[in-house]
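Asks: I would like to see how this sequence folds:
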Amino acid sequence: MTKRMVIMLVCVGVLFGAIFGWKAFVNHMMTGFFDNMPMPVANVSTAEATRDEWALSLDAVGTVEAVNGVEVTSQVGGEVAAIEFTSGDQVKKGDLLVRLESRADQAQLKALQATAQLAAQEYDRYQRLFKQGSISQSELDSRRAQRDQSMAQADAQRQQLSYKTIRAPFDGVLGIRRVDIGQYLQPGTPVVSLAQLDPIFVNFALPEQTLSKIETGLTARASLDAYPDQKFEGTITAIEPGVNETTRNVTIQASFENADQRMRPGMFANVTIQLPQSEPVVVIPRTAVAYAPYGNAVFVIQDAPAKEGEQTEQQSEDGAGKIVRKRFVKLGRQRGDLVVVESGLEPGEIIATSGLLKLRNDAPVAIENDVQPSAEATPEPANS
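Replies: Next up, the predicted model:
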């Protein structure tokens, strides 16, 4: 290797070393600049964690069921002669729904009635003959049996004829008809559904551990996905006497007034049972919670550490000199805009209720409570 080549390599090494050194120096200076740059002050609204008394409640999911609900069917076979209802009609018990072809049955009934009438007349005549001593007791008994048999056959045919008219078994609302005029119905063929909607039941299950807390007469509130802004209030009317051996749950039934028929059989219902007992709780607005998969947290407002030569009492003037500290909390029940904090926060502590996305530990904040998020335990639909 020549001397000139060595000199070139040394120069190249020095050049690259200078470049990398300069880059490292610049990065170091930039890191120091950003590390020492003060964090921007975030404007937040605040609320105080307060102690309250909340009535105990139990939550469950259930299904809406009709007090009475059936598929109206044909008891006998026959051709549909007339349909006397419209799908969705409100009907009373005994209202005529479908009429089957019955001319042959009516003729058969007339024949049996005539036979029964003749048998009755024969029996009356034989009674007179028996009183005169013209016939024996056995002959009279035979005529009585013939009369009774003829009358029973006429009654059976009359009952069979009544099955040719299909009627509503109770008051309720009809579904969509499933038969057409001229269609031949086999016995048991569904004609239309019928449901009694007012009142209406909601059946749900609770763990067996809750049996000591529930009783008939307690208030039950239900919410439906179809009407998210409306609460339906009812009463527990029945408790299953036994506990399911598989799930260890007990079935509860609550009755609800349903004059507007908004609650329909088969609907999914979220049910809350109001218990007579209450418990002390610590509550905060739900807007104060930073929800995350790894844990829910709040940002607690604290005084910023006093800098050397500054007066701490001056730092808190107009909400200045405040920082936030992130603290993980365990949440409990919710009611309206409020949520229970089971652990991690004490009553009286001040927390941020807005601007959470721009907050981090030790971030400086300025308090502005001119506009506050809703924080009501029982909000109206416009606030919920």
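Asks: what about this protein, any weak spots by pLDDT?
Replies: Scanning the chain for pLDDT under 70 picks out the ranges 1, 6, 10, 12, 14, 25-26, 28-39, 306-320, 371-384.
Asks: the helices in the stretch 1-150 of the chain, which residues?
Replies: Counting by DSSP state H, counting those that start in this stretch, the stretch 1-150 of the chain has helices at residues 3-36, 103-132, 137-162.
Asks: I'd like these as CSV, with distance to residue 333 and mean neighbour count appended.
Replies: Heads up, the C-betas are built off the backbone N, CA and C, glycines and all. Written out in CSV, the entries for the helices of the stretch 1-150 of the chain read as follows (distance: least, C-beta to C-beta, whole Å; neighbours: other C-beta atoms under 10 Å):
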stretch, distance to residue 333, mean neighbour count
helix 3-36, 43, 10
helix 103-132, 64, 14
helix 137-162, 57, 15
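Asks: So for residue 350, which of those sits nearest?
Replies: In terms of C-beta to C-beta, the element of the helices of the stretch 1-150 of the chain nearest to residue 350 is helix 3-36, at 28.9 Å.
Asks: where along the stretch 251-384 of the chain do the strands fall?
Replies: The residue ranges that make up the strands of the stretch 251-384 of the chain, judged by DSSP state E, counting those that start in this stretch, are 268-285, 297-303, 322-328, 330-335, 338-343, 350-352, 364-367.
Asks: Turn those strands into JSON lines, including distance to residue 76 and mean neighbour count.
Replies: Below are the strands of the stretch 251-384 of the chain laid out as JSON lines (distance: least, C-beta to C-beta, whole Å; neighbours: other C-beta under 10 Å):
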{"stretch": "strand 268-285", "distance to residue 76": "38", "mean neighbour count": "17"}
{"stretch": "strand 297-303", "distance to residue 76": "70", "mean neighbour count": "20"}
{"stretch": "strand 322-328", "distance to residue 76": "71", "mean neighbour count": "17"}
{"stretch": "strand 330-335", "distance to residue 76": "57", "mean neighbour count": "15"}
{"stretch": "strand 338-343", "distance to residue 76": "61", "mean neighbour count": "18"}
{"stretch": "strand 350-352", "distance to residue 76": "73", "mean neighbour count": "21"}
{"stretch": "strand 364-367", "distance to residue 76": "80", "mean neighbour count": "17"}
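Asks: Which among those strands is found nearest to residue 194?
Replies: When those are compared for distance to residue 194 using C-beta to C-beta, the nearest one is strand 268-285, at 21.9 Å.
Asks: The closest one pairs with which strands?
Replies: Each strand paired with strand 268-285, and its direction, by DSSP bridges: strand 50-73 (antiparallel), strand 219-224 (antiparallel), strand 338-343 (antiparallel).
Asks: Leaving out the residues flanking it, which one is nearest to residue 207?
Replies: In space, residue 207 comes closest to residue 249 once its chain neighbours are excluded; the distance is 5.9 Å by C-beta to C-beta, 6 or more residues apart in numbering.
Asks: residue contacts, that neighbour?
Replies: Contact criterion C-beta atoms under 8 Å, 6 or more residues apart in numbering gives 205, 206, 207, 208, 243 as the residues in contact with residue 249.
Asks: Between those residues, which sits nearest residue 81?
Replies: Distances from residue 81 to the contacts of residue 249, taken by C-beta to C-beta, are shortest for residue 205, at 46.7 Å.
Asks: how near is the closest one to residue 295?
Replies: Residue 205 is 30 Å from residue 295, where distance means C-beta to C-beta, to the nearest Å.
Asks: So for the two, which sits in the more crowded spot?
Replies: For the pair residue 205 and residue 295, the greater number of neighbours falls to residue 205 (18 against 11), based on other C-beta atoms under 10 Å.
Asks: which secondary structure element contains that one?
Replies: Of the helices and strands defined by DSSP states H and E, residue 205 is found in strand 190-207.
Asks: report the angle between the axes of that strand and strand 268-285?
Replies: 40 degrees (axes from the mean of the first three to the mean of the last three C-alpha atoms, to 10 degrees).
Asks: next one: stretch 48-59 to chain centre, how far?
Replies: Relative to the centre of its chain, stretch 48-59 is centred 22 Å away, using C-alpha atoms, centre = their mean, to the nearest Å.
Asks: rewinding a little: if you count neighbours, what's buried in the strand holding residue 205?
Replies: By neighbour count with 16 or more other C-beta atoms under 10 Å, strand 190-207 contains the buried residues 191-206.
Asks: from these, which is closest to residue 228?
Replies: Looking across these and measuring by C-beta to C-beta, the closest to residue 228 is residue 202, at 16.6 Å.
Asks: Name all residues that make contact with the closest one.
Replies: Counting by C-beta under 8 Å, 6+ apart, residue 202 makes contact with 62-65, 220, 222, 234, 253-254, 256, 263, 269, 271.
Asks: likewise residue 72?
Replies: Applying C-beta under 8 Å, 6+ apart as the definition, the contact partners of residue 72 turn out to be 97, 166, 168, 169, 190, 191, 192, 193, 194.
Asks: Tell me the bridge partners for the closest residue to the fifth one other than its chain neighbours.
Replies: Nearest in space to residue 190, with sequence neighbours left out and distances taken as C-beta to C-beta, 6+ apart, is residue 71 at 4.5 Å. Under DSSP bridges, the beta-bridge partners of residue 71 are residue 193.
Asks: Of the helices of the stretch 1-150 of the chain, which is nearest residue 360?
Replies: helix 3-36 (14.6 Å).
Asks: Any buried residues in stretch 241-249, and which?
Replies: residue 249.
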